[in-house]
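In: quick one: sequence plus predicted model below, questions after.
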Amino acid sequence: MKVVIQSNFSFDVKNIGFSASGELVISLSSTESDNENHYSYEADFGASSAVARPVVKLLDYTAAYVSKACIQEKTKSSYHLMMRHLQDYGDCNMEDVTTEYIQNFITYLERQGLQRGTVRLYFQKLACVLNDAYKNELFDERILRRVKRPKREQSKKSFLTERELKRLFSTSMPEKYDNMKNMFLFSCSTGLRFSDVANLQWKNVKTHNKHLFLEYHQQKTNTNEVLPLCAQAENLLRSLKRSGSKVFANEFSQNINKFLKRWCKAAKIRKRVSFHTARHSFCVMLLTYDVSIYTVQQLMCHSDIDTTKIYADITNKTKNKAVKKLPLFDKFYVKRA
């Protein structure tokens with residue numbers, strides 16, 4: 001293999017070699033220019049020197065990525081499950097990963113009887129690995145962009161209406177459940193997940209212009225967030241007594257969910273309610289009050305706008321159901337002359 005470098009400028013060749021992805025890299029240095037003279041450099045690598053692209057197995061790269069990436073243990077387990085399916089489907093070299101290979105892997109997962117959400121989850125994990133490989137010049141990102149991604153599962157979101165929430169919180173329960181009630185109410189007013197409410201500390205509560213807001217680390221996405229608070233959430237925080245670093249006393253989510261069933265029954269609310277229902281209710285209320293879907297996306301910390309659109313569809317159905325309850329006014333129509 002012969003390389004010829006030609007230029008109207010004088011230069012020194014510092015280095016000629018191959019990158020990890022097999023690309024030819026030539027480092028030049030020049031301190032002066034001369035447009036009248038023509039400079040040339042030739043280098044002969046030989047027939048065998050051009051093969052420098054490393055052979056990396058997809059599964060090996062995935063395992064290395066999972067071990068080094070800063071992700072939670074729960075998330076790592078999802079990667080490991082995806083890798084089991086990938087091993088059964090058929091491992092290959094990174095350079096052999098094509099759009100067809102990825103598309104057939106999605107089809108393979110669907111034929112295993114997995115739920116649509118699980119198939120989508122495994123694809124997302126594989127996509128994270130391939131995007132990392134692209135950063136290391138081992139994969140062409142255009143291959144991934146051509147993949148027809150698995151559709152999001154349209155699961156039914158349970159939520160409480162504003163009227164139901166008012167009825168729920170006006171239903172008294174024993175004082176020993178106050179901490180659970182406050183945690184649920186705070187989630188309804190902020191959209192925070194159980195993990196974020198349970199780990200919230202007083203140092204995360206900040207003040208600006210006499211109003212409170214949160215600066216906290218979101219557990220699921222492993223990101224730092226800033227969240228303004230509505231009047232309900234502010235009043236709740238100001239009513240609590242500070243005893244320790246945490247805003248709320250420790251509770252198990254299972255115990256809160258059991259309590260919520262009893263509380264809803266006492267309030268005569270016939271819906272399946274869990275702590276996560278509070279997050280759904282917050283999102284639906286925002287959309288009901290005509291808050292921009294993009295603003296809702298930011299408040300909910302959704303990385304994908306399609307997730308927020310699911311709630312928008314819920315509010316549309318709710319609005320359609322509401323207008324259908326309006327009476328007819330046949331008696332009052334004006335006859336044309």
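Out: Looks like it arrived, so ask away.

In: which residues belonging to the strand or helix carrying Glu234 are considered buried?
Out: Glu234 is part of helix 231-239, with elements assigned from DSSP states H and E. Using 16 or more other Cβ atoms under 10 Å as the test for burial, helix 231-239 gives Ala233, Glu234, Leu236, Leu237. (Each C-beta comes from the backbone N, C-alpha and C, glycine too.)

In: please enumerate the strands of this structure.
Out: Applying DSSP state E to the chain gives strands spanning 2-7, 12-18, 24-29, 39-44, 205-208, 211-218, 223-228.

In: which one of the ones you listed has the lowest average pLDDT?
Out: Mean pLDDT across these is lowest at strand 39-44; the value there is a mean of 55.

In: Leu168 and Thr161, how far apart?
Out: Relative to Thr161, Leu168 is positioned 10 Å away (Cβ to Cβ, to the nearest Å).

In: between those two, who's got more neighbours?
Out: Leu168 (22 against 15; other Cβ atoms under 10 Å).

In: number of residues surrounding the closest residue to the more buried one other than its chain neighbours?
Out: Leaving aside its chain neighbours, Leu168 sits nearest to Ala267 (4.7 Å; criterion: Cβ to Cβ, 6 or more residues apart in numbering). Look at Ala267: counted by other Cβ under 10 Å, it has 20 neighbours.

In: Glu100 now?
Out: Glu100 has 11 neighbouring residues, counting by other Cβ under 10 Å.

In: just the pLDDT at it, thanks.
Out: pLDDT, Glu100: 95.

In: could you do Ser19 as well?
Out: pLDDT, read off for Ser19, is 55.

In: then Thr221?
Out: pLDDT, Thr221: 76.

In: and for Ser253, the neighbour number?
Out: 16.

In: roughly how far apart are the residue nearest to it when sequence neighbours are not counted and Gln219?
Out: Leaving aside its sequence neighbours, Ser253 sits nearest to Phe194 (Cβ to Cβ, 6+ apart; 5.1 Å). Distance of Phe194 to Gln219, given as Cβ to Cβ: 9 Å.

In: more crowded one of the two?
Out: It is Phe194, of Phe194 and Gln219, that has more neighbours when counted by other Cβ under 10 Å, with 21 against 16.

In: where does pLDDT dip in the stretch 51-200 of the chain?
Out: Flagging of the stretch 51-200 of the chain using pLDDT under 70 yields the residue ranges 51-54, 153-156.

In: oh, I was asking about the stretch 201-337 of the chain
Out: 314, 317-337.

In: my read: the residue nearest to Leu168 touches Thr171, true?
Out: Yes. With contact defined as Cβ atoms under 8 Å, Ala267 reaches Thr171; the gap is 4.0 Å.

In: now do the shared contacts for those two.
Out: Listed as contacting both Ala267 and Thr171 by Cβ atoms under 8 Å, 6 or more residues apart in numbering is no residue at all.

In: I'd say the residue nearest to Ser253 and Phe184 touch.
Out: No. Using Cβ under 8 Å as the test, Phe194 is too far from Phe184 to be in contact (9.4 Å).

In: overlap in contacts of these two?
Out: Common neighbours of Phe194 and Phe184 (Cβ under 8 Å, 6+ apart) are Ile256, Phe275.

In: now do the helices in the stretch 51-200 of the chain.
Out: Ranges of helices within the stretch 51-200 of the chain are 58-68, 73-89, 99-111, 116-135, 141-145, 162-169, 178-190, 194-198, based on DSSP state H, counting those that start in this stretch.

In: redo those as a markdown table? Include distance to Thr223.
Out: Converted to a markdown table, these look like this (distance: least, Cβ to Cβ, whole Å):
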| stretch | distance to Thr223 |
| --- | --- |
| helix 58-68 | 19 |
| helix 73-89 | 13 |
| helix 99-111 | 27 |
| helix 116-135 | 15 |
| helix 141-145 | 23 |
| helix 162-169 | 28 |
| helix 178-190 | 16 |
| helix 194-198 | 11 |
